[in-house]
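structure of the sequence below:
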Amino acid sequence: MGLGLSFDLMSKILIHTTSIIEANPIIKFFNLKELENSCENKIYSNDDILLIISGVSKDLIVKSLDYIFKNYSISKAFDLSIASCSDGSIALGTLFCTNRFIGGLNFANITTIEKPLETDENLETLLVDKQAQFFSQICKENIKDFYVLKIVSDYFDEVEPTNDIIFELINNSISKWKKLI
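You can find the predicted model right below:
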């Protein structure tokens with residue numbers, strides 16, 4: 001059983017984002033360094049954490065996560081990104097876990113869309129994003145311990161949040177989810 005133990009020591013915690021804007025505060029906080037790799041996506045790492053920036057389409061997300069699970073031993077995985085919220089009374093920056101109940105964190109259901117919604121009229125979930133469903137599908141095939149974490153960035157009737165606002169929202173959320181790592 002010694003082999004299993006050394007294998008576990010080499011495993012990393014995966015953090016998945018779809019943009020460098022979402023990734024920057026995480027890269028900075030955990031002091032991650034860019035890796036040279038054969039994947040088209042940027043990958044950053046330290047001794048414990050591996051972060052991949054996939055891009056925003058289903059194909060890019062699936063391809064990048066497949067690459068990670070084929071080439072790295074992953075002990076736990078996080079999808080961390082912004083999401084639109086259908087309830088204007090929920091504060092911007094509120095952190096939700098959408099795939100499991102965790103003490104101290106808000107829970108909400110999420111809808112993953114590939115094209116922007118014109119209205120939230122027929123929406124049956126509190127949150128909407130562009131990747132949670134695809135991240136969850138790939139993780140279910142590869143790992144048991146994964147989390148889908150969403151930070152409320154806007155309400156449907158508003159303009160998209162600026163890069164500075166996204167940085168601030170992600171940066172401010174780190175203290176709320178880093179204990180899960």
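
so Lys178: helix, strand or coil?
Secondary structure, DSSP: H, G, I helix; E, B strand; the rest coil: Lys178 is helix.

please name the nearest non-neighbouring residue to it.
Phe29 (7.8 Å; Cβ to Cβ, 6 or more residues apart in numbering). Just so you know, the C-beta spots here come from the backbone N, C-alpha and C atoms, and that holds for glycine as well.

Asp66 should be in a helix, yeah?
Yes - under three-state DSSP, Asp66 falls within a helix.

looks like it contacts Ile138 (just checking).
Yes - in this structure Asp66 lies within contact range of Ile138 using Cβ atoms under 8 Å: 6.7 Å.

these two: who's more crowded?
Ile138 (21 against 14; other Cβ atoms under 10 Å).

thinking the more buried one is in contact with Leu65, fair?
Yes - using Cβ under 8 Å, Ile138 makes contact with Leu65 at a distance of 4.2 Å.

report pLDDT for Asp145.
Per-residue pLDDT puts Asp145 at 96.

which residue packs closest to it, ignoring adjacent ones?
Lys76 (4.5 Å).

on the three-state scheme, that neighbour is what?
With three-state DSSP as the criterion, Lys76 reads strand.
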